[in-house]
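Sequence and predicted model, in that order:
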Amino acid sequence: MGRKSMMGAPDQTRLRIEAMEEQRSLRRTQMKQARVDRAAEEQRNISAGNPGDVDFIGLVRRWREDHAGMARPHRHTVDTNGGSGGKNDNICVCIRKRPLNDKERKKKEHDAVTVLHPTATVHSAKLRVDGIHKYLDHNSFRFDHSFDEDSSTEQVYQYTAQPLVSYVCGGRGVRATVFAYGQTGSGKTHTMSGIQKMVADDIFSFLSDNVLEDDSCCSCDNTTISIAIFEIYGGRIQDLLNKRNRLKVLEDGRGEVVISGLEEFEASTPEDFLALIEAGQNNRTTHATEANDESSRSHSICQVLFRDSTSRRLKAKLSLVDLAGSERGSDTKSHNRQRRTESSDINTSLLALKECIRAIDGDSRHVPYRQSKLTLILKDSFTSNYARTAMIATLAPGSLSTDHTVNTLRYADRIKEKKIGDSFTPSQRRSPVRQAKSPVRKEIVEEKVDMKEHRDEIDENISDNILYEDDNNVEEEIQELTKFEEPDNVESQGPSEFDQVVQQLFDEEEQLLSLHMQSIQQNAEYITEENKLLESVQGENVDVDAYALRLAEILQHKTEMIQAVRGRLEPFRELLRKEEELSKKY
Ligand SMILES: Nc1ncnc2c1ncn2[C@@H]1O[C@H](COP(=O)(O)OP(=O)(O)OP(=O)(O)O)[C@@H](O)[C@H]1O
């Protein structure tokens with residue numbers, strides 16, 4: 001027995017070693033095969049126009065396979081009959097994802113957004129601290145409508161703006177507003193231009209179908225359609241249909257907001273309507289940004305005014321608002337003052353806009369519309385009892401934009417909070433779920449590629465970025481990591497000190513320019529008067545005393561004027577210095 005065991009022990013050990021070697025060799029063969037498969041998959045992806053990271057593309061594909069069949073058909077959510085609708089029915093929030101473009105493909109980005117109406121999910125690519133483990137972080141949000149990259153603008157229109165067009169055409173005293181919101185280059189202008197074409201056709205066909213029908217609606221025989229288009233850029237309001245003239249926004253004693261000097265043009269046909277829109281679009285302020293060669297840096301507002309043909313009284317108003325592209329602070333760090341203040345102003349106004357739209361359906365009686373020029377101008381879109389709003393948030397699908405995209409979704413989500421409901425139940429997820437800290441509506445799932453069995457090979461192939469999952473601490477580790485991964489966003493921060501200084505700068509600039517203009521005008525009048533005064537003192541029978549007295553008065557006024565302009569210039573220069581200083585901090 002003792003002899004047998006003494007002889008058997010080395011045999012057992014040898015056998016175990018042989019078995020381990022066999023397993024190792026099998027694992028090596030499997031790994032080799034995995035690498036060959038991975039290379040073949042990468043090649044297939046490249047041929048299909050997806051040169052991005054093969055592993056992340058694979059993870060996204062598997063997530064989509066797991067969630068296939070979860071998209072629901074679109075149904076109208078907004079009451080189009082002009083009634084008051086239920087709570088939340090006054091606002092329709094939807095998202096539209098655009099297809100991945102060549103610029104993103106060239107940067108080897110992959111498509112990181114999945115839209116399964118009513119849900120939109122962003123798959124953020126993550127690496128663990130060791131730099132080799134890859135996983136996805138999924139953020140899902142649910143909206144009234146979620147449109148994927150194959151959805152047409154007609155479909156988007158049908159569920160967002162079209163009900164509002166019927167609403168304004170069919171009622172008196174009503175206000176409807178359509179917003180396009182999103183990261184620069186995500187498709188706001190593309191979507192809004194398409195919508196404008198459909199609005200043009202629908203308004204005129206609605207009006208002609210309803211001729212003489214009913215005085216309570218905007219029937220064609222007694223209604224004229226006028227268009228006004230202006231932009232808000234860096235605190236300034238400029239008329240896009242009238243040589244970009246600078247306009248003033250005033251709130252009168254009754255609380256009515258008036259844009260003084262804004263020109264309106266009558267449109268009698270859809271063609272007139274579109275020609276005006278095109279003229280306005282051509283005058284818009286654009287700059288190249290990282291994400292878009294021709295980025296709109298202004299909020300453009302097209303007002304379609306339904307007026308009584310005789311009295312010119314306003315019956316209804318439809319506002320089509322193409323918002324300026326949101327950019328993160330970090331994207332603007334290297335910019336000059338103009339670009340910096342422009343971005344700050346955009347973010348301030350977008351924050352104010354969110355609060356104002358929320359107030360339409362919220363219980364709050366306070367609508368903070370004075371927080372920005374954009375919201376002040378749109379006051380009646382928030383405060384009228386007959387206001388309806390559609391917000392279309394556009395998404396860029398590229399993997400380098402996921403922080404931005406999550407921010408866009410959060411922004412849209414907070415406008416009208418919806419919960420992840422029956423369309424997305426945890427039981428349908430195959431991976432462990434980590435619930436986000438606060439909102440129920442947010443779903444974060446960490447998904448890992450399980451290649452534990454290849455552990456031995458990792459050390460040999462570390463540079464291949466092989467994926468594996470090997471210990472039980474991963475959940476904690478990921479939670480630790482993601483604590484620091486909240487993207488910086490327009491959403492989570494209130495206006496910073498920098499943003500506040502920028503707003504003061506705009507106010508101060510407006511007052512300084514207005515005073516400077518007044519002083520130039522006054523000066524011109526004095527020059528004319530001084531010329532006459534000089535002539536009078538050079539003739540016969542001159543009254544030198546009167547000349548001297550008037551000249552003294554004029555010089556005194558001029559001195560006071562110069563002092564007044566100087567008095568405004570100093571605080572303005574001080575704010576410029578402050579802005580420069582703060583721009584280095586933020
Ligand atoms: N749904 C879509 N389908 C196909 N192409 C699209 C779509 N949306 C946008 N694009 C294209 O993407 C590019 C950027 O779109 P667009 O100019 O509309 O972005 P934007 O959000 O208005 O940007 P910015 O805020 O910088 O002005 C354009 O070339 C546009 O044609």
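Yep, it's here.

so how far is Q521 from I527?
Distance of I527 to Q521, given as CB to CB, to the nearest Å: 11 Å. Using the backbone N, CA and C atoms, a C-beta is placed for each residue, glycine as well.

Same question for A19.
Noted for A19: a distance of 97 Å to Q521, by CB to CB.

One more: I259?
As judged by CB to CB, I259 and Q521 stand 22 Å apart.

the more surrounded of these two?
Shown here are I259 and Q521; by other CB atoms under 10 Å, I259 has more neighbours (18 against 10).

The helix or strand containing that one: partners in the sheet, and parallel or antiparallel?
Per DSSP states H and E: I259 is located in strand 257-260. Here strand 257-260 is paired, per DSSP bridges, with strand 245-251 (antiparallel).

The helix or strand where T394 lies: which residues count as buried?
Assigned by DSSP H and E, T394 belongs to strand 387-395. Buried residues in strand 387-395, defined by neighbour count with 16 or more other CB atoms under 10 Å: A387, R388, T389, A390, M391, I392, A393, T394, L395.

Among those, which ones lie close to the ligand?
Restricting the buried residues of strand 387-395 to those touching the ligand (CB under 6 Å from any ligand atom) yields T394.

Any chance of a markdown table for the buried residues of strand 387-395, columns distance to S166 and pLDDT?
Shown next, in a markdown table, are the buried residues of strand 387-395 (distance: CB to CB, whole Å; pLDDT from 0 to 100):
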| residue | distance to S166 | pLDDT |
| --- | --- | --- |
| A387 | 15 | 88 |
| R388 | 10 | 91 |
| T389 | 15 | 92 |
| A390 | 12 | 95 |
| M391 | 18 | 95 |
| I392 | 17 | 97 |
| A393 | 23 | 97 |
| T394 | 24 | 97 |
| L395 | 27 | 97 |
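
could the buried residues of strand 387-395 be laid out in TSV, adding distance to E510?
As requested, the buried residues of strand 387-395 are exported to TSV (distance: CB to CB, whole Å):
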residue	distance to E510
A387	28
R388	32
T389	28
A390	31
M391	29
I392	31
A393	31
T394	31
L395	35
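
Name the nearest of the buried residues of strand 387-395 relative to the ligand.
Nearest to the ligand among these is T394, at 5.6 Å by CB to the nearest ligand atom.

For the closest one, give me its contacts.
Residues in contact with T394 (CB atoms under 8 Å, 6 or more residues apart in numbering) are 95-98, 180-183, 186-188, 190-191, 408.

now, the most widely separated pair of the residues you listed?
H190 and T408 (15.2 Å; CB to CB).

So these two - more neighbours on which side?
Ranked by neighbour count (other CB under 10 Å), H190 and T408 place T408 first, with 27 against 16.

so the more buried one is in which element?
Assigned by DSSP H and E, T408 belongs to helix 402-415.

do the same with S519
Secondary structure from DSSP H and E places S519 in helix 497-538.

what about the nearest residue to H366 once chain neighbours are set aside, how many neighbours?
Once flanking residues are discounted, H366 sits nearest to A359: 7.0 Å by CB to CB, 6 or more residues apart in numbering. By other CB under 10 Å, the residues close to A359 number 17.

just checking, what packs against whatever helix or strand A359 lives in?
Applying DSSP H and E as the criterion places A359 in helix 337-361. Using 3 or more CB pairs under 8 Å, 6 or more residues apart in numbering; DSSP states H and E as the contact test, the elements touching helix 337-361 are strand 91-97, strand 174-182, helix 373-377, helix 379-383, strand 387-395, helix 402-415, helix 497-538, helix 544-585.

how about a cut-off of 7 Å?
strand 91-97, helix 373-377, helix 379-383, strand 387-395, helix 402-415, helix 497-538, helix 544-585 (3 or more CB pairs under 7 Å, 6 or more residues apart in numbering; DSSP states H and E).

just to revisit the earlier point, got the CA positions of the strand holding T394 in CSV?
Only the C-alpha atoms of strand 387-395 are listed here, as CSV (Å, rounded to 0.1, in the frame of the first residue of the first chain):
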residue,chain,number,x,y,z
ALA,A,387,-49.1,77.1,-24.9
ARG,A,388,-47.9,73.9,-26.4
THR,A,389,-44.3,72.8,-26.9
ALA,A,390,-42.4,70.2,-28.7
MET,A,391,-38.7,69.6,-28.0
ILE,A,392,-36.6,67.6,-30.4
ALA,A,393,-33.3,66.7,-29.0
THR,A,394,-30.8,65.6,-31.7
LEU,A,395,-28.1,63.0,-31.0
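
domains in the chain, as residue ranges please.
Taking automatic domain parsing as the reference, the chain has its domains at 58-415, 497-585.

Okay, now the shortest one: how far is its last residue from its first?
Using CA to CA, to the nearest Å, the end-to-end distance of domain 497-585 comes out at 10 Å.

circling back: go through the strand holding I259 and flag the buried ones.
By 16+ other CB under 10 Å, the buried positions in strand 257-260 come out as V257, I259.

now stretch 89-99
Result for stretch 89-99 [16+ other CB under 10 Å]: buried residues N90, I91, C92, V93, C94, I95, R96, K97, R98.

what sits up against that stretch?
77-79, 113, 115, 120, 143-149, 151, 156, 159-160, 186-187, 191, 357, 360-361, 387-397, 409, 412, 415-416 (CB atoms under 7 Å, 6 or more residues apart in numbering).

Run me through the strand neighbours of the strand holding T394, direction for each.
strand 91-97 (parallel), strand 174-182 (parallel).

next SSE after the first one?
Right, strand 91-97. Per DSSP H and E, the helix or strand that comes after strand 91-97 is helix 102-106.

Okay, strands next: where are they in the stretch 51-200 of the chain?
For the stretch 51-200 of the chain, the strands defined by DSSP state E, counting those that start in this stretch cover 91-97, 113-116, 119-127, 134-142, 145-147, 174-182.

out of the contacts of T394, which touch the ligand?
R98, G182, S186, G187, K188, H190.
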